[in-house]
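J.: Pasting the sequence and the predicted model now:
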Amino acid sequence: MGVNGSRPRGFNGTRYAHIIGWGVDVPEHVMTNHDIEKLVETSDQWIRERTGIHERRIAGDRDNVVTMGVRAARRAIQRAGILSHEIDLVIVATSSPLHLFPATACLIQDRIGASDAGAFDVLAACTGFIYALGLASAQIKAGMIDTALVIGTETLSRLVDWSDRSTCILFGDGAGAFVLKASDQPGGVQDVIMHADGSGADHLYVGSGIRPTWDGEQTEQRIDMNGREVFRFASRVMSAATEEITQRAGLHVEDVDLIIPHQANVRIIQAAARGLKLPMDRFFVNIEKYGNTSTASIPLAVVEALESGRVGPGDRLVLVGFGSGLTWGAALVEWEVEQTPGSVMREAMQEAYYIFAYVRSFLRRLFRIVETVVFKSHRVKDNTRKRRRGPDN
Ligand code: UT7
């Protein structure tokens, strides 16, 4: 909020949505291609050559989309130098939620103490993070909210059929988060496009059927995919979406400093580069480490690009993704980080606030239990009284 609670507006009334914080979390367990050779008939060489993947992370028993999402969010909040109760909206993009409902966003909202925030999930498969970024930035630009937390978090390893060599080689687990904040300074998330074509729904979906998991257990769901069709579709829309979003801004693709694509297959990214007539060094690729982490793949790549110095203030980025649905989309971002310098005091306050949020959540649960017991005993007493008085009283 601005002075006297007014929302920050530029002199011409324009509001911008800047990405002011970012964080990631990946499970510790690394599964290499050689590990997969022990599960299905494949080879490290085939996987590297056909996908670009060398290894991926696999969530352990204690990890899930909430725990990883919380850790990524906490890092993003710390980087943003805000307190979690300042967040107005939490949007989680995930293709592997713990529950159909409640939304993963609500579980994360509770854990981080974003007590004044609305929270909901977006299901647009691997394009989900782009969709979520579009929704959050639009809310900020429209003046409806000031601060949003956008998270992509996945445990796709739990949906993969580990006896299907055409899919199990591709996917991995992880989470990434951005904090977006309103500003009167130009820059930030400038435009987002979202597309869908449900006629291709049967090319990539989660179907049912008992299948083995990677550690020998059983799962009742599995990812089914027509790899060649998805490959063809992806190669086409990655370049088309990049062109569309740059043209909408009156730019050429050559004006973009770095394209950060969904990391699904390095050959798809190479095809997009050919389609756009751009050299591969204009694209950021880190698929070799994580495989396809669906909604987490773009934030994981953005954060690595930032940390490795590939992105700096003033850079123009296109984030572009595709996925089941079929869905695809792109975001145009001007990386003008308006950074509130994080102070040790503020970080300590936020740490204390996490403890407070945990205790508050615990007490709320306890209060609900007590309330239920008291309400029940009142009802029993009322019913007993009614029975004693007889049916007419
Ligand atoms: O977020 C979106 C998620 N999905 C995607 O982005 C997937 C897009 N598609 C792909 O990345 C590729 O299509 C795959 C990596 C899935 C497959 O690569 P491909 O080059 O399209 O292989 P293919 O399906 O055309 O199969 C070529 C051959 C086949 O053998 P035959 O029929 O030619 O004898 C497959 O059986 O490669 C075989 N094959 C494998 N061989 C060793 C398929 N998977 C494997 C494997 N190891 N893991």
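T.: Received it, and whenever you're ready, just let me know what you need.
J.: Pop the domain breakdown of this protein in here.
T.: The record's domain parsing of the chain by automatic domain parsing lists 8-335, 343-386.
J.: deepest of those, which one?
T.: Of all the domains of the chain, domain 8-335 has the most neighbours on average by mean count of other C-beta atoms under 10 Å, namely a mean of 20. Where you see a C-beta, it was placed from the backbone N, CA and C, and this is true even at glycine.
J.: helix/strand/coil for residue 313?
T.: Under the three-state scheme (DSSP: H, G, I helix; E, B strand; the rest coil), residue 313 adopts coil.
J.: wait, it sits on residue 333?
T.: No: between residue 313 and residue 333 there is no contact under C-beta atoms under 8 Å: 12.0 Å.
J.: so where's the stretch 251-393 of the chain shaky on pLDDT?
T.: 338-342, 390-393 (pLDDT under 70).
J.: Helices along that one, start to end?
T.: Taking DSSP state H, counting those that start in this stretch to define them, one finds helices in the stretch 251-393 of the chain at 266-276, 287-290, 297-307, 344-389.
J.: mind giving me JSON lines with these and columns for distance to the ligand?
T.: Formatted as JSON lines, those follow (distance: least, C-beta to the nearest ligand atom, whole Å):
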{"stretch": "helix 266-276", "distance to the ligand": "6"}
{"stretch": "helix 287-290", "distance to the ligand": "10"}
{"stretch": "helix 297-307", "distance to the ligand": "8"}
{"stretch": "helix 344-389", "distance to the ligand": "33"}
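J.: Common neighbours of residue 313 and residue 333, please.
T.: By C-beta atoms under 8 Å, 6 or more residues apart in numbering, residue 313 and residue 333 have no common neighbours.
J.: Show me which residues of the stretch 51-200 of the chain sit near the ligand.
T.: Contact residues (C-beta under 6 Å from any ligand atom) of the stretch 51-200 of the chain with the ligand: 51, 126, 165-166, 169.
J.: what two of those are the furthest from one another?
T.: The largest separation in these, counting by C-beta to C-beta, is between 126 and 165 at 20.3 Å.
J.: What strand or helix carries the spatially most central residue of the chain?
T.: Nearest residue to the geometric centre of the chain (C-alpha atoms, centre = their mean): residue 152, 1.0 Å. Here residue 152 sits within strand 147-155, counting by DSSP states H and E.
J.: Let me know the average pLDDT across that strand.
T.: If you average the pLDDT over strand 147-155, you get 98.
J.: Might one say that residue 260 is in contact with residue 302?
T.: Yes: if you go by C-beta under 8 Å, residue 260 and residue 302 touch, sitting 5.5 Å apart.
J.: overlap in contacts of these two?
T.: Counting by C-beta under 8 Å, 6+ apart, the common neighbours of residue 260 and residue 302 are 284, 317, 319.
J.: Surely residue 52 is in contact with residue 261?
T.: No: applying C-beta under 8 Å as the test, residue 52 and residue 261 come out as separate, 11.9 Å apart.
J.: Would you mind listing what in the stretch 201-350 of the chain touches the ligand?
T.: Residues of the stretch 201-350 of the chain lying close to the ligand by C-beta under 6 Å from any ligand atom are 225, 227-228, 230-231, 234, 264-265, 292, 323.
J.: Enumerate every residue touching whatever residue of the stretch 1-150 of the chain ends up closest to the ligand.
T.: Among the residues of the stretch 1-150 of the chain, residue 42 lies nearest to the ligand; the distance is 3.3 Å by C-beta to the nearest ligand atom. The neighbourhood of residue 42, defined by C-beta under 8 Å, 6+ apart, consists of 33, 36, 165, 169.
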